[in-house]
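Enquirer: Generate coordinates for the sequence data below:
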Amino acid sequence: MVAVLATDAPLSSRQLGRLARRSFLGLARVGSFSSNGSGDITIAFSTASRVAYDAPSEPLPIRRLHDSQMNPLLLAAVEATEEAIVDSLFAAMTVVGRDGNVAPELPTATVIELLDRAGRLR
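Expert: Below you'll find the predicted structure:
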């Protein structure tokens, strides 16, 4: 899995690292455990700070969200990752790979019926 988390919240590089690590909780929610060699990686960035090309010579003021206000963003990172994975599973189509190997698409109607019977639909 490669995940990219973007926000317009004013976060420091440390806070963005914390946000990125939460994506793995979303991955775990759908059943992964990030096995050895899985190659799972996440990057996070913020668009909050913009610096003009011809910036003045004085230091720029830096605004950052206080750590105590991070919980909604951390939860959003988990839920967005989980939702993106589930969406990709339902959107995937059957593919035929090397040597005729087939990865079939998810039988959407059957999965929804099973989830409904198990009481897992919200």
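Enquirer: quick one: the helices in the protein?
Expert: Per DSSP state H, the chain carries helices over the ranges 13-29, 71-91, 108-117.
Enquirer: Need the winner for burial among those helices.
Expert: helix 13-29 (a mean of 18; mean count of other C-beta atoms under 10 Å). C-betas here are computed from N, CA, C, even on glycine.
Enquirer: who's in contact with residue 9?
Expert: Residue 9 makes contact with 46, 48, 65, 73 under the criterion C-beta atoms under 8 Å, 6 or more residues apart in numbering.
Enquirer: from what I can see the second one touches residue 6, true?
Expert: No. Taking contacts as C-beta atoms under 8 Å, residue 48 lies outside contact range of residue 6: 10.6 Å.
Enquirer: Could you check which of those two has the larger neighbour count?
Expert: residue 48 (13 against 10; other C-beta atoms under 10 Å).
Enquirer: Quick check: nearest residue in space to that one, chain neighbours excluded?
Expert: residue 10 (3.9 Å; C-beta to C-beta, 6 or more residues apart in numbering).
Enquirer: Near that neighbour, how many other residues are there?
Expert: Here the number of neighbours of residue 10 (other C-beta under 10 Å) works out to 14.
Enquirer: ok, now how distant is it from residue 49?
Expert: Taking C-beta to C-beta, to the nearest Å as the measure, residue 10 and residue 49 are separated by 7 Å.
Enquirer: residues shared between the contacts of those two?
Expert: Common contact partners of residue 10 and residue 49 (C-beta under 8 Å, 6+ apart): residue 63.
Enquirer: Show me where this protein dips below the pLDDT cut-off.
Expert: The chain contains residues with pLDDT under 70 at 55.
Enquirer: show me what contacts the nearest residue to residue 67 once chain neighbours are set aside?
Expert: Across the structure, with C-beta to C-beta, 6+ apart as the measure, the residue nearest residue 67 apart from its sequence neighbours is residue 15 (7.2 Å). For residue 15, the contact set (C-beta under 8 Å, 6+ apart) comprises 64, 65, 67, 70.
Enquirer: Much appreciated, bye for now.
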